[in-house]
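**Student:** Build me a model from this:
(2 chains)
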Amino acid sequence: MTDTQFDIAVIGGGPGGYVAAIRAAQLGLKPVVIERENLGGICLNWGCIPTKALLRAAELRHSIDEMADFGITVGEVKVDLAAVVKRSRKVAGRLSMGVKHLLKKNEVTVIAAEAKLGAAKGGLRQINLSNGDTLLAKHVIIATGARARALPNIEANGKTILTYREAMVPETMPESLIIVGSGAIGSEFASFYHDMGVKVTLVEALERILPVEDEDVSAFVQKAFEKRGITIMTGVKLQAVTSDANGVQASIEGRDQPLQASRIILAVGITGNTENLGLETTKIKVDRGHIVTDQWGATGEAGIYAIGDVTGPPWLAHKASHEGIICVEKITGQKDVHAIGAGAVPGCTYCRPQVASVGMTEAAAKQAGHDLKIGQFPFTGNGKAIALGDDGGFVKTIFDAKTGELLGAHMVGPEVTELIQGYAIARTLEATEAELMATIFPHPTLSEAMHESVLDAYDRAIHF
Amino acid sequence: MAIEIKMPALSPTMTTGTLAKWLVGAGDRVNSGDVIAEIETDKATMEVESVDDGVVAKIFVDSGTENVAVGAVIAVLAEDGETASDVAKTSLQESSVAPVLSVATDAKALAEPVPASVSAAPVIATAASAPQTNSRAKPRIFASPLARRIAADRHIALDGITGSGPHGRILRRDVDAVAITPIAETTAAQTEAIQQGDSYLVVNSQMRKTIADRLKDSKQQAPHFYLTVDCVIDNLLEARKALNAKAAEGIKISVNDMIIRAAAMALIAVPEANVSWEGENTRMFNHADIAMAVAIDGGLITPIVWAAEQKGLAALSQVTADLAARARDGKLAANEYTGGSFTISNLGMFGVREFAAVINPPHGGILAVGAGEQRPIVIDGNLAVATAMSVTLSADHRAVDGAVGARWLQAFKGFVENPVTMLL
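**Tutor:** Numbering: from 1, shown residues only, chains lettered A, B, ... in the order given. Presented below is the predicted three-dimensional model:
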């Protein structure tokens, strides 16, 4: 290796890191990405993308059950689990190759190794690689991501006590399954495994599932899950999990009988990958498993930045990518760089029904002291949803009564994850209710429900 | 037949007004007596009631339009049996529709299918509307809808703001930055130096402009002279205490009420001071119509206690409390603050010792009242402590001479220092 000096060294090739490196290359810098495993990170290899491939299979499997409603008769249905998982891995592999190609096209150097921060020398930071090499960089961006958080006294064994990683590549389907944690990951696995014929119990420590979403959304999804046959337990504290030949036993605080199941998935949040980076030799602060930064990603140590999951929630790929871009733009002194505003990161959960939201929940908006105008429109009033045979869910919009600012939007139902960007754009452009009302939404589309929800906030909904 | 709604004259001096806000929209049904719009006049925001029943067929003048001429058609109502769209169409073909006169809104008026040449309303080409001619040539200001609405809400002019959005677009954060002081906003992360001359523009309200015009005229045209006396008010405070102790429930006489009473009695006792200069003539008033200055959001207003000399202190205190409350709520009718012969401005509650006020035209004088405070005074060669209050009369020398002003002050001081005499 001849090149050992770079403008920016990015540790971690996930959606935060590789995007930061490409942006740096676009701005004329010489970046390097150091990745210990797969380009694309968890998102692409073990998160967002492969789970979407699995959920697509589950969704198709489910839709076969409804074929009779559409006048289509289906013969015997068989699910080849190995093929489902194989396809999921193939999708991930294809995209990882895509990232490799993108980095090559942008002339970003990629090194397959682990990296550790070394000493600072004359404005350059030395980085020691696990392959024995060293390199120097003017700026270092830590984008090492995160991993599943372990519960005290409960250790995943990878066979019956699983994290998302093993849950994504099952060799067989368990008869029954306990999922601990009902955030996006837990709810998506609950939906997937249930559609694949597994008896699922979803356990949540807080009082409602999808606890970061609006309360109305949580209530709707809970009802939909329960109607499908998923057992939901909220306000439940897990004490211990034991495993034997019969499966797993999960003891719950205040209950004599432990929950029994073939397997259990732990989906109780994640913790940053802050170990073995040499952080202890710097002024970088780590708080509750995450690196502390300012709004531009700067850490306590000059010349070292951190972005994405390793810096804390929300643990979302699109947040990491955006942080990577603004971090690089700030380093290079670009004009008009703005930190991510409060509530600007949309969130999507791909369970059935899908959930998508941006901005404040109703409770948060109330607590912030806003006078509110709230609209809600059900998909039962939407022609396209009825034609699709998927009319469960609603669109809820929350406006500041005084300024007309769209404080938040919360959607549950068909393809809402593809719809939420409309409200995200409206928020970025600072549209008020007036512009949203004055916009013509095409008919017949699911998006009409977005229009009607805004109209409803001002008591003007037409179709409900 | 369509019913035209015209810009009403809400005060005798009103020639134009700002259509602050429509409370109804096209298609709304209104009944006689319904409040349909708010209009900002010289001094206050007033409600406009419909005198007819009907359905709003079309609104010609948008909310927020300034300089709408009195008499201009601002909307039309469809009567029962007519459809709103018919009325909107026919009324456009008639020449009676008067577009808004402000130059700034011409563009809007032209955009409507209203022939500008058939404007029947009097065209007003005042100096006030002239600067707005330029606004047509101004470059378009790029600002987000939310930024525009918040700026309008806070009366912040967008052309004074530098946009931080793409291509200099003004966003909410830019408007927010105007509203907070740079010091409070500065954090460790933002250590940029505070800009020199850091400032921002606020659109002048109709009230601000009226105050500016009237007081400028007053200072330029009325030769002011100033007379100050000190009044010992211990007796007055005693009398007030005694009166309030005996007063019916809900009645609370203030020091200011007693000052108004004393001024009213003095105006009757010295009628030469109860006058107004009108060029060829001097108007002599038969009653003491005393305006009291009330500070309100964004300015001040001077509601009038008519024939104050005929009101006992109990009645007076009820009138002043009611006027002050409604003044602060912006709910005074135009005839309640137009006219009068004399003003009282009291800044005593702020601890001001004495000050000279600008005459509120067309009044002949204004009394500036300072704080009542304990001061050493000499009585019969001995030093004593008394509660004293300095008052300064500003008089219009065209109508009131120095000696007349002095006699009036003497009378006023007499009533204040011997409050029994003003109770007669």
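**Student:** From now on I want contacts and neighbour counts done on CA atoms only, so please keep to that.
**Tutor:** Fine.
**Student:** Please, where are all the strands along the stretch 101-250 of chain B?
**Tutor:** Counting by DSSP state E, counting those that start in this stretch, the stretch 101-250 of chain B has strands at residues B:224-232.
**Student:** now the residue of chain B most remote from its centre: how far from chain A?
**Tutor:** Going by CA atoms, centre = their mean, the residue of chain B most distant from its centre is B:Gly381, 48.0 Å out. Going from B:Gly381 to chain A by CA to the nearest CA, to the nearest Å gives 65 Å.
**Student:** Given the helix or strand encompassing B:Ile39, what are its sheet partners and their directions?
**Tutor:** Assigned by DSSP states H and E, B:Ile39 falls within strand B:35-40. Strand B:35-40 has the following strand partners under DSSP bridges: strand B:16-22 (antiparallel), strand B:45-49 (antiparallel).
**Student:** Please identify the buried residues of the helix or strand following the last one?
**Tutor:** Right, strand B:45-49. Scanning forward in sequence from strand B:45-49 by DSSP H and E, the next helix or strand is strand B:54-59. Using 16 or more other CA atoms under 10 Å in any protein chain shown as the test for burial, strand B:54-59 gives B:54-59.
**Student:** Switch these over to a markdown table; also include distance to B:Ser276 and pLDDT.
**Tutor:** Below are those laid out as a markdown table (distance: CA to CA, whole Å; pLDDT from 0 to 100):
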| residue | distance to B:Ser276 | pLDDT |
| --- | --- | --- |
| B:Gly54 | 45 | 83 |
| B:Val55 | 47 | 84 |
| B:Val56 | 45 | 86 |
| B:Ala57 | 47 | 84 |
| B:Lys58 | 45 | 83 |
| B:Ile59 | 42 | 85 |
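**Student:** give me the subset of those touching chain A.
**Tutor:** Near chain A, judged by CA under 8 Å from any CA of the partner chain, there are no entries from the buried residues of strand B:54-59.
**Student:** which one of the strands paired with strand B:35-40 has the lowest average pLDDT?
**Tutor:** Among the strands paired with strand B:35-40, strand B:45-49 carries the lowest mean pLDDT, a mean of 78.
**Student:** Show me what that one is in contact with.
**Tutor:** Contacts to strand B:45-49, defined as CA atoms under 8 Å, 6 or more residues apart in numbering or on different chains, come from residues B:8, B:10, B:20, B:32-40, B:330-333.
**Student:** What parts of the stretch 351-464 of chain A come near chain B?
**Tutor:** Residues of the stretch 351-464 of chain A lying near chain B by CA under 8 Å from any CA: A:403-405, A:429-432, A:435.
**Student:** From those, which land in strands?
**Tutor:** Per DSSP state E, strands hold no members of these.
**Student:** what about burial for those, which qualify?
**Tutor:** A:403-405, A:429-432.
**Student:** Out of these, which two sit at the greatest distance?
**Tutor:** Maximum pairwise distance among those (CA to CA): 14.4 Å, between A:Thr403 and A:Leu429.
**Student:** quick revisit: tabulate the strands paired with strand B:35-40 in CSV, adding columns for mean neighbour count.
**Tutor:** Shown next, in CSV, are the strands paired with strand B:35-40 (neighbours: other CA atoms under 10 Å in any protein chain shown):
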stretch, mean neighbour count
strand B:16-22, 21
strand B:45-49, 19
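**Student:** need the contact list for residue 252.
**Tutor:** In the absence of a named chain, chain A is used. By CA under 8 Å, 6+ apart, A:Ile252 lies in contact with A:236-240, A:258-259.
**Student:** The chain in question should be chain B.
**Tutor:** Residues in contact with B:Lys252 (CA under 8 Å, 6+ apart) are B:244, B:314, B:317.
**Student:** what residues are up against A:Gln249?
**Tutor:** For A:Gln249, the contacting residues are A:241-243, A:258-261, by CA under 8 Å, 6+ apart.
**Student:** PyMOL command for the buried members of these?
**Tutor:** Of these, the buried ones can be selected in PyMOL as follows, counting by 16+ other CA under 10 Å:
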select buried, chain A and resi 241+243+258+260+261
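**Student:** Of the contacts of A:Gln249, which belong to strands?
**Tutor:** If you go by DSSP E, those have A:241-243, A:259-261 in strands.
**Student:** of all those, which two lie farthest apart?
**Tutor:** Spatial extent of the ones in strands among the contacts of A:Gln249 (CA to CA) is set by the pair A:Ser243 and A:Leu259 at 11.6 Å.
**Student:** Packing partners of the helix or strand harbouring B:Trp408?
**Tutor:** Assigned by DSSP H and E, B:Trp408 belongs to helix B:402-417. If you count contacts as 3 or more CA pairs under 8 Å, 6 or more residues apart in numbering or on different chains; DSSP states H and E, helix B:402-417 packs onto strand B:224-232, helix B:234-246, helix B:255-269, strand B:382-396, helix B:419-422.
**Student:** any idea which of those is most buried?
**Tutor:** Highest mean neighbour count among the helices and strands packed on helix B:402-417 (mean count of other CA atoms under 10 Å in any protein chain shown): helix B:255-269, with a mean of 23.
**Student:** Quick check: what element follows that helix along the chain?
**Tutor:** Defined by DSSP H and E, the subsequent element after helix B:255-269 is strand B:275-278.
**Student:** How far off centre is that following strand?
**Tutor:** 22 Å (CA atoms, centre = their mean, to the nearest Å).
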